[in-house]
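Asks: need a 3D model of the following:
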Amino acid sequence: MKTETLTLLHSQNSDLSQEEYAFNQQLFNTIVETGRIGYFIRKHDHDTIEFSKIAKEIFGLELFESSAYKNGFRSLITLLRHLIHPDDLRKAIKVMQEANQRREGYELDCRIILPNSLIRHIKLITHLSFTTENHLYRTIGTIYDTSELKEEQLRHEELAFLVENAVNEIYIVDTKRLTYLYANAKALDILGYTQEELFKMDVYAINPELTAEHVAEMKNVVDQDKVVTNESVHQSKDGSQYPTRSQIYHTHYFGRDVYVIFSTDITQEKHQKMNELTLKKTLENVLDYSGTLFLLSSGTEIVHANKAVLHFLGLNTVEELKERYHCMMDIFEEEEGYFSAKKINTDCQGCECIATLAKGDILGVIKHTPSGQKRVMKLNLNQLPNDNYIISMTDVTEIEEEAKRFQYQANHDKLTGAYNRSYLDFIYQKYLDDFRENGSVCSFILLDIDDFKQINDNYGHLTGDHVLILLSNVINRRIRHDDVFVRWGGEEFLVLLPHTSKVNAMTTAEILRKEISKIDIGIDCCITSSFGVTECQDNDTKETLFERLDSALYEAKNSGKNCVKTL
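Replies: Now for the predicted structure:
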């Protein structure tokens, strides 16, 4: 790999001196190692991929069987199909396929799942090199592990949520100098300072009773990622003082280590111990004014639900909600493709469910009790202090249905409901890769309605459309669930049969031929179809396979029609 890299760098400027060349190579290696940049080189003339050490680490290639990549994966798409997170796969394949059609490199941000179930966020950038005859001979790619950046963004989002929804004073303090980096409007209003004035001060300025020893003790606990509760006295700009109770924890803020402090004026409750219930009640009152559905839980046990949740579920009190549902996960219906506690953990211990929800962009289904309708909800989970969680739910049923409608329309023929050629282009590569990698047989049937033009000419196009619909219905009833039925164009249709030999495909085609001849189209006329059948072969391309399929169909037409031929 190192030799390949040197050759690559040198080829970019053949006039480099040996000294300049060595310097450039050293610079390149330093950048790669320091920046943790992985790279690969895809040699199209040798049909292999070579990975750098860091690329192998990012992709987790050491976790694969060595035979899976010792000679290089046959295509980068094949490798990524093994790794890309299912929620990102379709978008990723589209980006790669569109770039391939344009004969250009591409940039891809996605998640990958390693064989040990570890999830990573990566950025992949590729560049294509062509010969003077415009033949693609090399693809160069760089891979960055952006997981830490994504985690950092998530922490910022969680912090922003807490700041926006808190009714207390909030401060952000630099961990080393103990100076203020931020204070919310509530804090500034009580203290009487501006942000600029507060930025010039440290924590001792508004906490006159604090000692260096006490601060050191709290820092020692907080720096172990534990929350500290501290009672102190705050002093305003005008000299007045008021007692406070603060909760302090350690996090990151724009790349800096900070302490986040939630402070509450406890003047009216100085002699009362503020407990967790008081904090939760404050939050409950805020949530009840929101139309969004909110649940507050301790672990998975429901602690509070706002009025919007109770109304949605047709309940009157939180007590009724707790009686009906063991934990907050139980309100979600078990629906294919959506979040459900039973799919993750049949015992519903909570930990795995919460981990799933915390990933974001999760959809679940809840039954709207007053109407009996099931509604699709976008779920968002945020962790609050003291191991509490708040889950917000937004009704996206109409958006989800619209997305499914668009997806269906994009993949299906409007008249017959069969898949269209665009979908075939997408699914064909999947089965071709399976054939090449696993030796899984795959066959194709191409059929054409005999003398269809005469039907249109003699009975009109509405009758012709009716025939196409009837034929499609018959074929859909007779093929398997995994078979792919496509309207190829006009009166031509194609059936892709995975895991099917040519002999079995011939049998299927013969069954379809007989069934089609039995179709009653409502007029004094019957329809027949001619069939061409072929099986995917070694070294097949899409062009060679369909040329063979067309030839088989042509032979069926020339043999008197209403028959099945194979090549």
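
Asks: in which helix or strand would I find the residue nearest the centre of the chain?
Replies: In the chain, the centroid-proximal residue (CA atoms, centre = their mean) is D87; its distance is 3.2 Å. Assigning secondary structure by DSSP states H and E places D87 in helix 86-102.

Asks: got the contact list for that helix?
Replies: Residues outside helix 86-102 that contact it (CB atoms under 8 Å, 6 or more residues apart in numbering) are 76-77, 80-81, 84, 105-106, 108, 110-111, 126, 361, 426, 429. Where you see a C-beta, it was placed from the backbone N, CA and C, and this is true even at glycine.

Asks: from F199, how far off is the residue nearest to the centre of the chain?
Replies: 42 Å (CB to CB, to the nearest Å).

Asks: returning to what we had before: which parts of the helix holding D87 are buried?
Replies: In terms of neighbour count (16 or more other CB atoms under 10 Å), helix 86-102 has its buried residues at D88, A92, I93, V95, M96, A99.

Asks: could you chop this protein up by domain?
Replies: Domain assignment of the chain by automatic domain parsing yields the ranges 36-145, 150-274, 278-398, 412-566.

Asks: least confident of the ones you listed, on average?
Replies: Ranked on mean pLDDT, the bottom entry among the domains of the chain is domain 278-398, at a mean of 75.

Asks: any idea how many residues pack against the nearest residue to L381 once chain neighbours are set aside?
Replies: Nearest residue to L381 in three dimensions, chain neighbours excluded: L357, at 4.0 Å (CB to CB, 6 or more residues apart in numbering). Close neighbours of L357, defined as other CB atoms under 10 Å, add up to 22.

Asks: cool, and G522?
Replies: G522, neighbours per other CB under 10 Å, totals 11.

Asks: wasn't it part of a helix?
Replies: No. Read with DSSP: H, G, I helix; E, B strand; the rest coil, G522 is coil and lies in no helix.

Asks: would you turn the domains of the chain into a markdown table with distance to F406?
Replies: Output for those, formatted as a markdown table (distance: least, CB to CB, whole Å):
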| stretch | distance to F406 |
| --- | --- |
| domain 36-145 | 13 |
| domain 150-274 | 28 |
| domain 278-398 | 13 |
| domain 412-566 | 11 |
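
Asks: all helices in the stretch 101-250 of the chain, in order from the N-terminus.
Replies: Secondary structure of the stretch 101-250 of the chain (DSSP state H, counting those that start in this stretch): helices at 147-165, 185-191, 195-199, 203-206, 212-222.

Asks: neighbouring contacts of the second one?
Replies: Right, the one you point to is helix 185-191. 166-171, 183, 194-195, 198, 206, 234, 236-237, 242, 263, 265.

Asks: selection in PyMOL covering whichever of these are buried, please.
Replies: Selection of buried members from the contacts of helix 185-191 for PyMOL, criterion 16+ other CB under 10 Å:
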select buried, resi 166+168+169+170+171+183+198+206+234+263+265
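
Asks: taking the contacts of helix 86-102 together, which two end up most distant?
Replies: Maximum pairwise distance among these (CB to CB): 27.5 Å, between G105 and D361.

Asks: which residue sits closest to K43, ignoring its sequence neighbours?
Replies: R138 (6.2 Å).

Asks: and the one you found, how many neighbours?
Replies: R138, neighbours per other CB under 10 Å, totals 17.

Asks: correct me, but it touches H46?
Replies: No. Shown here, R138 and H46 do not form a contact pair, counting by CB atoms under 8 Å, at 10.0 Å.

Asks: reformat the helices of the stretch 101-250 of the chain as CSV; add distance to D483.
Replies: CSV is the format used below for these (distance: least, CB to CB, whole Å):
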stretch, distance to D483
helix 147-165, 39
helix 185-191, 63
helix 195-199, 66
helix 203-206, 70
helix 212-222, 61
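
Asks: these: which one's closest to F254?
Replies: So among these, helix 147-165 is nearest, using CB to CB, at 7.9 Å.

Asks: now do the strands in the stretch 301-450 of the chain.
Replies: Listed in chain order, the strands of the stretch 301-450 of the chain (DSSP state E, counting those that start in this stretch) span 301-305, 362-368, 373-384, 388-395, 442-449.

Asks: list the buried residues of the fourth one.
Replies: The one in question is strand 388-395. Of all the residues in strand 388-395, those buried under the rule 16+ other CB under 10 Å are N388, Y389, I390, I391, S392, M393, D395.
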